[in-house]
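In: here is the input, now give the coordinates:
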Amino acid sequence: MDFRHTEEQLAWKDMLHRFMEREVGREYTREHDENRSFPDELYRKVADNGWLGLLLPEELGGSAADPVMYAIFCEAMAKYSLDTAACLMTSMFTVNNFVVHGSPQQQAEHVPMFLKGERRFSISISEPQAGSDAAAVCTRAVPEGTDWVLNGNKTWCSGAHLPGAWIVMLARTGAERHGGLSLFSMPNTAPGLDIRKMPTLVRRSLGTTEIFLTDVRVPAENVIGEIGKGWNYIGTHLDYERMGLAASYVGNARTALDDTIAYTKDRHQFGRPLSSLQVIKHRMAEDETALTAARLLVFNAATKLARGEKASMEVSMAKVFAVETAYRIAFNGMQAYGGYAQLPEYDMERYFREAKHGMVGGGANEIQKTVIARHMGLSDR
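Out: You can find the predicted model right below:
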């Protein structure tokens, strides 16, 4: 099995990392994290480069890149912050629900504006009583004339409050646990929507929200695909979402480990560099080993998706291992930096916060392990 990148993939990777160093950088990332502000300039530059359409087919204006190229993109965009990558990735994988399952009218309405950077998307699945048990969704959609009327409460909806955002929402249209779920879309300005930004530890730039729905009226043409197919649609969506997240964990962990190596070479204690102490260098050697393994798992999953095969188990393996590796690298970085790790200008505290969030965001580690166990033939009962 050969996971070496092709010349095209290497050129893509190099270009993206140069872009992140020249056009984004550490100061820009810190500023938006501290101010809890969306990186509009970055989003505009990514749109102008045509990268928002990476996953979209050429006939809709995209570049039809395969999942390997998308993984390389997510890895690079997370160079300084997982939150920065999420500001891009959330809309990129959510718009695919229109592309894969939506009507030609929905595609014509949303895709061109998205590619120009003028429309963003938020995916809304979780609820206060339906987190890891996503099929327990209670937000109800009831037909009324030619419309659907939605009532309920959603939570952890990242980016739903941003200007020009549309929300893709999973809601209950029938009693069947999975077959009674459907996907709806609506602008975040729809009457009856009350969207409240949450003061979270992370996702400071993208922002995450709680949504209250009171008689929100959605026209029938805003149903995505067929009624009752929402659970199936979300399943496809989640493989791309989680694979991209796993790639971003690897990208951010790479920077965290590189920062730790540089700091321990420069910092002297007991008359010699910290990096010369066996306990420190062995720890970093273990981190380098785990990071290499995590990256191989990510590109194993991406390669399988690129072949058009189901890869839910491989995606879950990559996500859980990559985020645990990112967390351990950031934790060890915090130890190596000592008191300085507490300061935002050293970045390590951001890597640490964001890696911890990755253990529950996009599907908790425990859920990923349940997915893996099911593919091993291990029953839930």
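
In: list the buried residues in the helix ranked longest in the chain.
Out: Taking DSSP state H as the criterion, the chain has its longest helix at helix 230-266. Buried positions in helix 230-266, judged by neighbour count with 16 or more other CB atoms under 10 Å: 230-234, 236-257, 259-261, 263-264. (Each C-beta comes from the backbone N, C-alpha and C, glycine too.)

In: what of stretch 305-324?
Out: Quick answer for stretch 305-324 (16+ other CB under 10 Å): 305-306, 311-324.

In: so for stretch 39-47, what gets flagged as buried?
Out: Using 16+ other CB under 10 Å as the test for burial, stretch 39-47 gives Pro39, Leu42, Tyr43, Val46, Ala47.

In: correct me, but Tyr233 touches Gly225?
Out: Yes - counting by CB atoms under 8 Å, Tyr233 sits close enough to Gly225 to count as a contact (5.8 Å).

In: re the thing from before, out of the buried residues of stretch 305-324, list just those in strands.
Out: Secondary structure from DSSP state E places none of those in strands.

In: for those residues, which one is nearest Ala175?
Out: Ser312 (26.1 Å; CB to CB).

In: list the contacts of Val100.
Out: Residues counted as contacts of Val100 (CB atoms under 8 Å, 6 or more residues apart in numbering) are Tyr233, Thr236.

In: ok, back up a step: show me whatever sits in contact with both of Tyr233 and Gly225.
Out: His101, Leu183.

In: can you show me the helices along the stretch 201-350 of the chain?
Out: 230-266, 278-306, 312-337, 348-358 (DSSP state H, counting those that start in this stretch).

In: same list (the ones you listed) but as a markdown table, adding mean pLDDT.
Out: Rendered in a markdown table, the data for these read as follows (pLDDT from 0 to 100):
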| stretch | mean pLDDT |
| --- | --- |
| helix 230-266 | 94 |
| helix 278-306 | 97 |
| helix 312-337 | 98 |
| helix 348-358 | 98 |
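
In: still on that earlier bit, from the buried residues of stretch 39-47, which two are the most distant?
Out: Pro39 and Ala47 (12.1 Å).

In: beta partners for Arg272?
Out: Gln269 (DSSP bridges).

In: and it, how far is that from Gly230?
Out: 60 Å (CB to CB, to the nearest Å).

In: shared neighbours, Pro39 and Ala47?
Out: Looking at what touches both Pro39 and Ala47 (by CB under 8 Å, 6+ apart), there is no common residue.

In: measure Asp287 to Leu245 for me?
Out: Taking CB to CB, one finds Asp287 at 20 Å from Leu245.

In: against Leu277, how distant is the residue of the chain positioned farthest from its centre?
Out: When each C-alpha in the chain is compared with the mean C-alpha position (CA atoms, centre = their mean), Gly271 comes out farthest, at 43.5 Å. Between Gly271 and Leu277 the distance is 11 Å, computed by CB to CB.

In: picking up where we left off before, need the pLDDT of the residue farthest from the centre of the chain.
Out: According to the prediction, Gly271 has pLDDT 94.

In: look up the closest residue to His5, ignoring the ones flanking it.
Out: Counting by CB to CB, 6 or more residues apart in numbering, Lys13 is the residue found nearest to His5 once chain neighbours are left out, at 6.6 Å.

In: any buried residues in the helix or strand harbouring that neighbour, and which?
Out: Using DSSP states H and E, Lys13 falls within helix 7-19. Within helix 7-19, the residues that qualify as buried are Gln9, Trp12, Lys13, Leu16, His17, Phe19, counting by 16+ other CB under 10 Å.

In: do the same with stretch 176-188
Out: Those would be Gly180, Leu181, Ser182, Leu183, Phe184, Ser185, Met186, Asn188, for stretch 176-188 by 16+ other CB under 10 Å.

In: same list, those residues, but as CSV with distance to Gln105 and pLDDT please.
Out: Formatted as CSV, the buried residues of stretch 176-188 follow (distance: CB to CB, whole Å; pLDDT from 0 to 100):
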residue, distance to Gln105, pLDDT
Gly180, 25, 96
Leu181, 23, 97
Ser182, 18, 97
Leu183, 15, 97
Phe184, 15, 98
Ser185, 12, 98
Met186, 15, 98
Asn188, 20, 98
